[in-house]
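Participant: Kindly return the folded structure for what I paste below:
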Amino acid sequence: MIRTLSLIAVLVGACFLSSRFAEHHSGSNADPFTVLYMHVVPAPLVGASDHGAEGEHGVEDAGHATVDHPLVAIPLPAGMTLFDGDRDPTNGVQLVMSNLQIFQIAALLMMFIAFSGVATYLRTGQGDAITRVMTGFCMWIRDEMVVPVMGAERAQRFLPYFLSVFFFILFMNLSGLVPNGATATASIFVTAALALLTFLSMIGCGMAAQGPLAFWKNLVPHVPWWLWPLMFFVEVLGLVVKPFALMIRLFANMTGGHLVVLSFMGLIFFFAGLEQSAAGWGIAPIAVGFAVFIMIIEAFVAMLQAYIFTQLTVLFVGAAVHPEH
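Facilitator: Here you go, the predicted structure:
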């Protein structure tokens, strides 16, 4: 019971912090679809501050104006504009904390809470329902995903990493299904970081298992010498394409599901904004019904995408440490 309440408390706390400090999207002059789609975009965490005279937004209150400013902002070099999350150009390039980081931290905390009793359960056989479920997942990932690809000996070494990848993605995916939640894996930056870890694992583990030079040599099978440079280029390109495909697949699936749900919800506001607002009420049951149906599908997709990303990571790393594959 304590573990269950702790998991709920972490998730509710993350949703509260996100709704309290995340930048709210305003769209009085925009169509409802644009406003809803903005919820897929990471929202910077902002706080209010008072400025003398007229503020940045031109709102004046007795000589003071309330202006939103990033809660956490790390200055970056001027050339790194891709990572600039501050809407105010006068502040320069800054890496701003968003609501996605809240749910990434929440996912880590939920992992620690959910797995806190697994080791004891394996030794004594005693544990609550959450512990038994988590243990079953771990055994399934080990026996059905990792061992068949990497073998029993290497599976024990790599299993902690693969378990971390699977459950980290799973908890982030599921967090986006709750009210005021955000799906961190719907950001290309998050999926790119996860894919980068897969790429580094492929290179690092492959070089550690085969040797720094043997790894690159074994990339190319036995081919005529004149074909070897071309095949080496193709194999190196394949090393990059594999994690790139992981990045795009996870990002596209999680973002696409959210856009479908928001599209159905947007129909309500779209028809309600017409001259005959009764159309909004008429379309509401249908739109909500389809949105709920897609949300159920999204729950399945959240687990499926965690499985696919982890399974492909296992295959890619396994191929790197086994040159015969």
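
Participant: Which residue, other than its chain neighbours, is closest to N173?
Facilitator: Nearest residue to N173, sequence neighbours excluded (C-beta to C-beta, 6 or more residues apart in numbering): A302, at 3.4 Å. The way it works is simple: take the backbone N, C-alpha and C, and place the C-beta from them, glycine included.

Participant: For stretch 178-188, buried residues please.
Facilitator: Applying a neighbour-count criterion of 16 or more other C-beta atoms under 10 Å, one finds 181-187 buried in stretch 178-188.

Participant: Closest to G266 out of those residues?
Facilitator: Distance to G266 across the buried residues of stretch 178-188 (C-beta to C-beta) is lowest for A186, with 17.2 Å.

Participant: where does that closest one sit relative to Y37, distance-wise?
Facilitator: Using C-beta to C-beta, to the nearest Å, we find A186 at a distance of 12 Å from Y37.

Participant: can you list residues touching both of those two?
Facilitator: Here A186 and Y37 have no joint contacts, going by C-beta atoms under 8 Å, 6 or more residues apart in numbering.

Participant: Let me know whether I308 touches R249 as I believe.
Facilitator: Yes. Under the criterion of C-beta atoms under 8 Å, I308 makes contact with R249 at 7.0 Å.

Participant: what do these two both touch?
Facilitator: Common neighbours of I308 and R249 (C-beta under 8 Å, 6+ apart) do not exist.

Participant: quick check, V46 in a strand?
Facilitator: Yes. When DSSP: H, G, I helix; E, B strand; the rest coil is applied, V46 is found to be in a strand.

Participant: Confirm for me that it is in contact with E23.
Facilitator: Yes. Using C-beta under 8 Å, V46 and E23 qualify as a contacting pair, with a distance of 4.9 Å.

Participant: Break the protein into its domains for me.
Facilitator: Taking automatic domain parsing as the reference, the chain has its domains at 2-43+100-321, 45-97.

Participant: helix/strand/coil for V223?
Facilitator: Of the three states, V223 takes coil under three-state DSSP.

Participant: contacting residues around the nearest residue to it once chain neighbours are set aside?
Facilitator: In this structure, V223 finds its nearest non-sequential neighbour in M231, 5.4 Å apart by C-beta to C-beta, 6+ apart. By C-beta under 8 Å, 6+ apart, M231 lies in contact with 220-221, 223.

Participant: Repeat that for L259.
Facilitator: If a contact means C-beta under 8 Å, 6+ apart, then L259 has 37, 40 as its contacts.

Participant: For D31, see how far away it is.
Facilitator: Going from L259 to D31 by C-beta to C-beta gives 15 Å.

Participant: cool, and G79?
Facilitator: 35 Å.

Participant: show me what contacts I248?
Facilitator: So I248 contacts T191 (C-beta under 8 Å, 6+ apart).

Participant: Then it would be within a strand, right?
Facilitator: No. Per three-state DSSP, I248 lies outside any strand segment and is helix.

Participant: Let me know the pLDDT of it.
Facilitator: With respect to pLDDT, I248 has a value of 93.

Participant: Against W226, how distant is it?
Facilitator: According to C-beta to C-beta, I248 and W226 sit 34 Å apart.

Participant: How many neighbouring residues does F103 have?
Facilitator: F103 sits with 28 neighbouring residues when counted by other C-beta atoms under 10 Å.

Participant: ok, now M202?
Facilitator: M202: 21 neighbours (other C-beta under 10 Å).

Participant: same check, this time on V240
Facilitator: Neighbours of V240 using other C-beta under 10 Å come to 10.

Participant: Please identify the helix or strand for the nearest residue to it once chain neighbours are set aside.
Facilitator: Distance criterion C-beta to C-beta, 6+ apart; nearest residue to V240, sequence neighbours excluded, is F199 at 7.3 Å. Per DSSP states H and E, F199 falls inside helix 188-210.

Participant: So which residues of the stretch 51-200 of the chain form helices?
Facilitator: Under the criterion DSSP state H, counting those that start in this stretch, helices of the stretch 51-200 of the chain are mapped to 99-114, 118-124, 129-140, 147-175, 188-210.

Participant: weakest of those helices by average pLDDT?
Facilitator: Of all the helices of the stretch 51-200 of the chain, mean pLDDT reaches its minimum on helix 118-124 (a mean of 84).
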